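Asker: how would this look folded up:
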Amino acid sequence: MSAAKTVRPGKNRAPAEGLEIVIAGLGLMGGALADGLRRQHPARISAFDLNDEILEQALSDGTIDEGYSDDQIGRRLASADLIWVCLYPGATADFIRKWMPVLKPGAMITDIAGIKRSVLDSVLPVLREDVDYITGHPMAGSEKEGYGGADRKIFTNRNYILVPPDNVRPERLEFLRQVIGSLGFTNIVETTPENHDSKIAYTSQLCHVIASALIDGEDDLQITDYEGGSFADLTRIAMINAPMWSEIFCANGDLLTEKIDGFMDSMNRIRDLISAGDTEGLEDVLSQVRKKRIAMEIDRINKHRAACK
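Answerer: Presented below is the predicted three-dimensional model:
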C-alpha cells in the first residue's frame with residue numbers, strides 16, 4: 001500500500017487540494033461536506049451511500065466524482081488520503097472497523113458522530129498505528145433532511161468540535177483544522193470524549209428533547225394560527241430525524257437524563273414562582289437569565305471576531 005499524501009498548504013493552496021477523499025453517507029451533512037470540499041480542489045471525491053438515487057443525483061450535480069452503494073467502495077478507501085464518515089454513530093463505528101484493514105498508511109479518518117464515547121470504545125481497539133483517526137462534530141445543521149437539503153453554507157461561522165487522541169501528531173491535527181476552517185467554520189474547539197458528550201447533551205440533545213416535548217404536548221394542528229416567532233424558533237428542530245436522534249438520545253442516555261433532570265428542576269422552580277404569584281422572585285430569575293444569555297452571546301461574538309482576524 002502506498003502512503004497517504006502529505007499536503008502543506010501554501011498561501012494560495014487549499015488544504016485538501018490534490019487529495020483522494022471518500023465520504024461515507026451522503027445525507028444532509030455528507031452532501032454539504034462534499035459540496036464544500038469540492039471547492040478545495042481534491043483529486044477525487046468518492047462517496048458511499050446505500051441509496052443509488054442519491055449517488056446519481058450527486059454525480060449529476062458534480063458534487064462527487066464516483067459513487068458506490070456496495071463493497072466496491074473498498075477500492076477507493078484503499079487509496080484514500082482523507083475519509084469522512086457521515087453515518088449514524090453505531091454505523092460509523094461499524095464502517096471504520098470493517099474497512100480499517102484496507103486503509104493505506106498515513107490515511108486520516110474523521111467523522112461527524114453526535115456522540116463520542118461509544119464510538120471511540122468500539123473503534124480504538126482496532127485502530128492501526130499508521131492510520132490517523134480524529135473524531136469530530138460539526139455544530140451545524142438544518143431542519144431539512146437528506147442530500148436534497150445539503151448546502152455548504154450551513155457551515156459558515158459555525159462551531160466545529162474535534163476530539164483528538166492523546167498521541168495525535170500535531171501536524172495532522174493542524175491539517176484537519178485547516179480543512180475544516182476552509183469549509184467556513186470559524187470556531188474549532190478541541191476537547192475530550194467525556195466533555196463532548198456532556199456539553200452536547202445540553203446544547204444539542206436536550207434542545208431536541210424540549211422541542212419534541214413541546215410539540216408532543218399539543219394536539220391542535222392549527223395552533224400556528226396563533227404563533228409569533230417564538231413558537232417557530234423553539235420548534236423548528238422538532239422536524240426531527242427520528243431514527244438518528246433516538247439512537248443518539250439512548251447512546252448518551254446517562255448524561256442526557258442528567259440534563260433533562262436539571263431542566264425540569266428549573267422549569268419547576270419557575271412554575272412555583274408563577275403559581276405563587278411571586279413577581280419579585282420571578283423577575284429576579286428572569287433578570288439573571290437575561291444576564292447569562294448576554295454573557296454567552298458576548299463570548300460567542302468575541303471568539304468569532306478573533307477567528308476572523
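Asker: alpha carbons only for contacts and neighbour counts from here, please
Answerer: Will do.
Asker: which of the helices or strands spans Ile188?
Answerer: strand 187-190 (DSSP states H and E).
Asker: ok, and what's touching that strand?
Answerer: 157-164, 177, 181, 303-304, 307 (CA atoms under 8 Å, 6 or more residues apart in numbering).
Asker: can you pick the most crowded of those residues?
Answerer: Leu162 (24 neighbours; other CA atoms under 10 Å).
Asker: just checking: what are the partner strands of the helix or strand harbouring that one?
Answerer: According to DSSP H and E, Leu162 maps onto strand 159-163. With DSSP bridges as the test, strand 159-163 is paired with strand 135-139 (antiparallel), strand 187-190 (parallel).
Asker: show me what counts as buried in the strand holding Ile188.
Answerer: Using 16 or more other CA atoms under 10 Å as the test for burial, strand 187-190 gives Asn187, Ile188.
Asker: remind me which residues of this structure are low pLDDT?
Answerer: 1-12, 143 (pLDDT under 70).
Asker: and the strands in it?
Answerer: In the chain, the strands defined using DSSP state E lie at 20-24, 44-48, 66-68, 82-85, 108-111, 132-133, 135-139, 159-163, 187-190.
Asker: for Leu234, find the nearest of those strands.
Answerer: strand 135-139 (17.5 Å; CA to CA).
Asker: distance between the closest one and the chain's centre?
Answerer: Offset of strand 135-139 from its chain centre (CA atoms, centre = their mean, to the nearest Å): 4 Å.
Asker: helices or strands up against the lengthiest helix in the chain?
Answerer: In the chain, assigned by DSSP state H, the helix with the most residues is helix 279-308. Secondary-structure packing of helix 279-308 (3 or more CA pairs under 8 Å, 6 or more residues apart in numbering; DSSP states H and E): strand 187-190, helix 253-275.
Asker: how far out from the middle of the chain is the strand holding Leu162?
Answerer: For strand 159-163, the distance to the chain centre is 8 Å (CA atoms, centre = their mean).
Asker: what sits up against that strand?
Answerer: The contact list for strand 159-163 (CA under 8 Å, 6+ apart) reads 134-140, 180, 185-193, 196.
Asker: then stretch 36-54?
Answerer: Counting by CA under 8 Å, 6+ apart, residues outside stretch 36-54 touching it are 14-26, 34, 55, 63-70, 73, 76, 147, 152, 182-183.
Asker: between the strand holding Leu162 and helix 279-308, how big is the angle?
Answerer: 80 degrees (axes from the mean of the first three to the mean of the last three CA atoms, to 10 degrees).
Asker: just the CA trace of strand 159-163, in CSV.
Answerer: Output in CSV follows, covering the C-alpha atoms of strand 159-163 (Å, rounded to 0.1, in the frame of the first residue of the first chain):
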residue,chain,number,x,y,z
ASN,A,159,-18.5,25.8,15.6
TYR,A,160,-16.7,22.5,15.0
ILE,A,161,-15.7,20.2,17.8
LEU,A,162,-12.6,18.0,17.5
VAL,A,163,-11.8,15.1,19.9
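Asker: with distance to Ile223 added, can I get the contacts of strand 187-190 in TSV?
Answerer: Below are the contacts of strand 187-190 laid out as TSV (distance: CA to CA, whole Å):
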residue	distance to Ile223
Asn157	33
Arg158	32
Asn159	34
Tyr160	36
Ile161	37
Leu162	40
Val163	42
Pro164	46
Arg177	44
Gly181	41
Lys303	39
His304	37
Ala307	42
